[in-house]
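Peer 1: Take a look and give me a structure for this.
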Amino acid sequence: MLKTPNHTNCRVTGGVFRDRMELNKRYLKELDTVCLMQNHYLEAGIILPDRQVISEPEKAELHWGWESPACQLRGHFLGHWMSAAAMLSASDGDAELRAKLVKIVDELERCQQRNGGKWVGSIPEKYFKLMESEEYIWSPQYTMHKTLMGLVDAYRFAGIQKALDIADRLADWYIEWAASVEKTAPFTVFKGEQGGMLEEWCILYELTNDPKYRKLMDIYRENGLYHKLEQHREALTDDHANASIPLSHGAARMYDITGEERWKIITDEFWRQAVTERGMFATTGANSGEFWVPPHSMGSYLGDTDQEFCTVYNMVRLADFLYRRTGDTVYADYIERALYNGFLAQQNMHSGMPAYFLPLSSGSRKKWGSKRHDFWCCHGTMVQAQTLYPQLIWYTEDSTLTVAQYIPSEAELDIGGKKIKVSQCTELKNLNNQVFFDEDEGGEKSRWSIRFDIKCDEPTFFTLWLRMPKWLNGRPQLIIDGGSVQADIADNYLTISRTWHNDTIQLLLIPTLYTEPLADMPETAALLDGPIVLAGMTDKDAGITGDFSAPESFLHRRTTHEYKTYVWKQNTYVTRNQPVNIEFKPLYEVTDEVYTVYFSKK
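Peer 2: Alright, predicted model coming up:
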């Protein structure tokens, strides 16, 4: 099974992904600790410092929207913040964020003590009592899962022991609650969007080997969706997408711990139904209005509420589970496309704020959240998403090193007991780069001109596996230590087996420019440049004249020098030979402009 390095051993170093991580980090630091804790304080009966009487609400900086004290999901965001802060504390060694996280963990302990020693919720315990009845209550277990997740991650990534202690006492509360409903309303444990709970119990069992977590795993393992998937019955269409995906994470963890074939079947079947047999928008989403759309029916659901961001984040996590288990590049390819057209496309490149949905109808405009007045579920997953990159790039197994994503980064790894340092960067960033590749193949003007540096304490033999993406046009060009090399390609990997010491690799991947039609509207298609969806800067689909199997027949590349992450404008085109020519640029660069993704063939 492929292993990813610890967050402390891998860091994203440059490029657009680093830019977005920095944007996210600044936002995490901006938020006031008291406001992050506001709902936990209120539930514990603790007066908010300097806010017992608020005469000017607009200056109080309290959090509103889904974090408002009137919202039944209040407090969910803090758990996301804790997870993000913990991961950045590890990968970036950010002392300021870690200190803020330690303070919050201390305050959560204080709240737990005030609540009787076990409960550490931002919502009332009575919400769980309401789940036993038919009275509507909005997702108590979803809300509590975020607090539990934040505590567990504060321990796993930031090493804060007190966070694990708080989670352990909260687990005792859950055992007592589950026992109380076992005879009267046993299915209550599967209500309130509990999909993420099983994974947390699995992680805690792995961390502690405490049998009480095995007991909680047993309590949460019999979800009805699991039975449908196990029997290969249709389980997803019209189901709430983001309530279902976390269940697949729990199944994946259960397989890792127990080895029971049942859990492998469930995880594989979930992917088959969610992706393989359903199809997807070019951006990877397969949901509209938060619900899974019927298989191969995306054209019927083009609208303003496509691709909820939470689902993008959680499907990437599922794909990573499956990739580590199988090494199959279909999962890494999916992750790459989701990163560009979800993680980046649904984060405002200026403010860092999320777009809950990614509109895909003609003449769309993204709706961005605010920094303190929305706090949607996607707000929380976005701050976590921008910390996930370090664990998606490098993987090791026995005497192999796999590069799954082409993201500028560096890592310290152990291969066969030998310590090595590896890094990758885009050669494009160096204005004085000595270009080794043919100029007509893009050379220094391509983001896919990549340099790898490998440094070993002592000569070390291992096999380097470089993912060859599905979008690759022809053979890659490869240079090792200044000399051109023909390497083997098998199972969508370029492999190099040799003894490494201090070596430099230069790799040029030529992307394909292509169209991807909708299954139920084959005359309508999106344009992609490699993994990157292109957006037309127009308020309507006026149709495109040309050969959709050869987009270069109606698109012309736009290249200008810039003073940004990439010194040459990337993935930008203008149509030609059309009644009205329009510009296409990466969907992830679209902020407030009106855009269209799908175009019909004239």
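
Peer 1: Do a quick rundown of the strands in the stretch 151-300 of the chain.
Peer 2: Secondary structure of the stretch 151-300 of the chain, counting by DSSP state E, counting those that start in this stretch: strands at 287-288, 291-292.

Peer 1: ranking those strands by burial, who's on top?
Peer 2: Stretch with highest mean neighbour count among those: strand 287-288 (a mean of 26; mean count of other Cβ atoms under 10 Å). Bear in mind the C-beta positions are built from the backbone N, C-alpha and C, glycine included.

Peer 1: Low-confidence ranges, the chain, go.
Peer 2: Residues of the chain that meet the criterion pLDDT under 70 lie in 428-444.

Peer 1: Count the neighbours of the nearest residue to residue 105 once chain neighbours are set aside for me.
Peer 2: Nearest non-adjacent residue to residue 105, counting by Cβ to Cβ, 6 or more residues apart in numbering: residue 163, 4.9 Å away. Residues lying near residue 163 (other Cβ atoms under 10 Å) number 26.

Peer 1: about what we covered before: reformat the strands of the stretch 151-300 of the chain as CSV; add distance to residue 567.
Peer 2: CSV is the format used below for the strands of the stretch 151-300 of the chain (distance: least, Cβ to Cβ, whole Å):
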stretch, distance to residue 567
strand 287-288, 37
strand 291-292, 42
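
Peer 1: now for these, which one comes closest to residue 476?
Peer 2: Residue 476 lies closest, by Cβ to Cβ, to one member of the strands of the stretch 151-300 of the chain: strand 287-288, at 34.4 Å.

Peer 1: follow-up on the earlier one: who are the contact partners of the residue nearest to residue 105?
Peer 2: For residue 163, the contact set (Cβ atoms under 8 Å, 6 or more residues apart in numbering) comprises 105, 108, 150, 151, 152, 154, 155.

Peer 1: so when I look at residue 109, I'm seeing a helix, right?
Peer 2: Yes. Residue 109 forms part of a helix when assessed by DSSP: H, G, I helix; E, B strand; the rest coil.

Peer 1: That one and residue 166 touch, don't they?
Peer 2: Yes. At 5.6 Å, residue 109 counts as touching residue 166 under the criterion of Cβ atoms under 8 Å.

Peer 1: Of these two, give the one with the bigger neighbour count.
Peer 2: Ranked by neighbour count (other Cβ under 10 Å), residue 109 and residue 166 place residue 166 first, with 26 against 16.

Peer 1: Check whether the more buried one really touches residue 110, as I assumed.
Peer 2: No. Here residue 166 lies out of contact with residue 110, judged by Cβ under 8 Å, at a distance of 10.2 Å.

Peer 1: Just say helix, strand or coil for the spatially closest residue to residue 7 that is not a sequence neighbour.
Peer 2: Nearest residue to residue 7 in three dimensions, chain neighbours excluded: residue 90, at 3.5 Å (Cβ to Cβ, 6+ apart). Using three-state DSSP, the structure places residue 90 in helix.

Peer 1: ok, how many other residues are close to residue 222?
Peer 2: The number of residues near residue 222, taken as other Cβ under 10 Å, comes to 12.
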